[in-house]
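Trainee: 3D, please:
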Amino acid sequence: MLTVATTPEQAKQVISEWKAQGLTVGLVPTMGYLHEGHESLTKRAVAENDRVMVSVFVNPIQFAPGEDLETYPRDFEADKRLIEGAGATLVFHPEPADLYFPDACTYVNVEGITAELCGKTRPTHFRGVCTVVNKLMNISQADRAYFGQKDAQQLAVIRRMVRDLNMNVQVVGCPIVREEDGLAKSSRNTYLSADERAAALVLSRAVAEGQRLMEAGERSAATVLDAMKQLIEAEPLARIDYVEMVSWDGIKPVETVDGPVLVAMAVYIGKTRLIDNFIFGE
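Mentor: The predicted structure follows:
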C-alpha cells in the first residue's frame with residue numbers, strides 16, 4: 001500500500017517509524033510526470049533498500065523567470081501508479097508552501113563545479129536543485145539517494161555537495177534510459193511535435209558519433225566536439241545551447257582526454273531544451 005505524505009512532518013513520521021525498526025531508506029527525488037527512467041531509479045532503490053520514498057515536486061526555485069515552471073507537465077495519479085508498481089511505499093508530494101517558509105533565507109550553493117554546462121545558461125538552477133535535494137535528504141534520512149545520468153552535471157554537483165557537507169547518504173548514479181530509437185527519456189519530450197520528435201534524434205546520434213570517435217582512439221576534444229556539432233547543425237530544427245567536454249570529477253573544460261570525461265550537450269529542438277551526454281573513461 002502506497003502512503004502519500006504532503007508535508008515534511010507527515011513524511012518524517014513515517015520515516016521515523018522505519019528507522020525505529022532499523023530499516024534502510026532509499027530516496028528517489030523527481031519532479032513528477034514519471035517515465036521509464038524514473039521507474040528504473042525506483043526499482044533499483046527498492047532492490048537496495050528496505051523502504052523507498054519517492055518525491056514528486058516541481059521545485060520552483062530551480063526555474064529562472066521565463067522557464068517552463070507553469071507549463072511543466074504534471075499527472076500525479078499516473079505518477080502514483082508507477083511508483084506503487086515499482087515497489088516504493090511512500091510518495092512525498094508537497095506544495096511549495098509546505099516545503100519553503102515564506103521568510104526562508106537559507107540556500108545551498110555549490111560553486112565551481114556548477115560554472116560550466118547548464119550552469120552557464122541557467123546560473124541559479126543548481127542553487128535551487130541543491131537546496132531542495134538537501135531538504136529531501138534531511139526529511140527522508142535516506143541511506144542512499146538515486147539520480148539518473150541523463151542529468152550528469154546534476155549528479156556530479158550533488159555528489160560534491162554530499163562530500164563537502166559530510167552528509168551521511170550514498171549518492172547512486174544510474175544509467176540513462178532511452179526510447180527504442182535512442183532518444184533519452186525526458187518529461188519534456190512531451191512538448192515535441194511529430195517533426196520535432198524526429199529531429200530530436202540528432203542528440204543521440206551526436207552521442208553515438210562522439211563515442212565512436214573516442215572508442216577509435218581520438219583524444220582531441222576539439223575534433224570530437226566539432227564532429228558532434230556538425231551533425232547537430234545539419235538538423236534545421238536544432239539550435240545548440242552547448243556541446244562541451246569536461247573532466248568528470250571537476251566539470252572543467254579539457255582539451256585532451258587524459259582521464260574520465262563527460263561529453264554533454266543541451267540543444268533546443270524548436271522551443272524545447274533537451275540534454276544528453278556520455279561519460280568516457282570512467
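Trainee: what residue ranges in the stretch 51-200 of the chain score low on pLDDT?
Mentor: Counting by pLDDT under 70, the stretch 51-200 of the chain contains no low-confidence range.
Trainee: would you map the helices across it?
Mentor: 76-86, 96-99, 118-121, 125-140, 152-164, 194-199 (DSSP state H, counting those that start in this stretch).
Trainee: mind giving me the packing neighbours of the third one?
Mentor: Looking back up the chat, that one is helix 118-121. helix 125-140, helix 152-164, strand 238-247 (3 or more C-beta pairs under 8 Å, 6 or more residues apart in numbering; DSSP states H and E). (Glycine included, C-beta is placed from N, CA and C.)
Trainee: ok, and for it, which residues are buried?
Mentor: Neighbour counts using 16 or more other C-beta atoms under 10 Å place 118-119 of helix 118-121 among the buried residues.
Trainee: any idea how far stretch 60-69 is from the chain center?
Mentor: Offset of stretch 60-69 from its chain centre (C-alpha atoms, centre = their mean, to the nearest Å): 16 Å.
Trainee: tell me the buried residues in it?
Mentor: In stretch 60-69, residues buried by neighbour count (16+ other C-beta under 10 Å) are 61-63.
Trainee: I'd like those residues written out as TSV, with distance to residue 204 added.
Mentor: Shown next, in TSV, are those (distance: C-beta to C-beta, whole Å):
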residue	distance to residue 204
61	31
62	25
63	26
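Trainee: quick one: which of these is nearest residue 162?
Mentor: The closest of the buried residues of stretch 60-69 to residue 162 turns out to be residue 62 (C-beta to C-beta; 17.6 Å).
Trainee: measure the closest residue to that closest one other than its chain neighbours to residue 106 for me?
Mentor: Once flanking residues are discounted, residue 62 sits nearest to residue 128: 3.0 Å by C-beta to C-beta, 6 or more residues apart in numbering. Distance of residue 128 to residue 106, computed by C-beta to C-beta, to the nearest Å: 13 Å.
Trainee: tell me which of those two has more neighbours.
Mentor: Legend: neighbour count by other C-beta atoms under 10 Å for residue 128 and residue 106, higher for residue 128 (18 against 8).
Trainee: show me what contacts that one?
Mentor: Neighbouring residues of residue 128 by C-beta atoms under 8 Å, 6 or more residues apart in numbering: 59-63, 107.
Trainee: if you set the cut-off to 7 Å instead, what comes out?
Mentor: Residue 128 makes contacts with 59, 61-62, as judged by C-beta atoms under 7 Å, 6 or more residues apart in numbering.
Trainee: using CSV, write down the CA coordinates of stretch 113-128.
Mentor: Extracted in CSV, the C-alpha atoms of stretch 113-128 (Å, rounded to 0.1, in the frame of the first residue of the first chain):
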residue,chain,number,x,y,z
ILE,A,113,31.6,22.7,-10.4
THR,A,114,28.3,24.5,-11.4
ALA,A,115,30.0,27.1,-13.6
GLU,A,116,30.1,25.1,-16.8
LEU,A,117,27.5,23.4,-19.0
CYS,A,118,23.9,24.1,-17.7
GLY,A,119,25.3,26.4,-15.1
LYS,A,120,26.4,28.9,-17.7
THR,A,121,23.0,29.5,-19.2
ARG,A,122,21.0,28.7,-16.0
PRO,A,123,23.1,30.4,-13.3
THR,A,124,20.5,30.0,-10.5
HIS,A,125,19.5,26.5,-11.4
PHE,A,126,21.8,24.4,-9.2
ARG,A,127,21.3,26.5,-6.1
GLY,A,128,17.6,25.5,-6.4
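Trainee: right, I'll leave it there.
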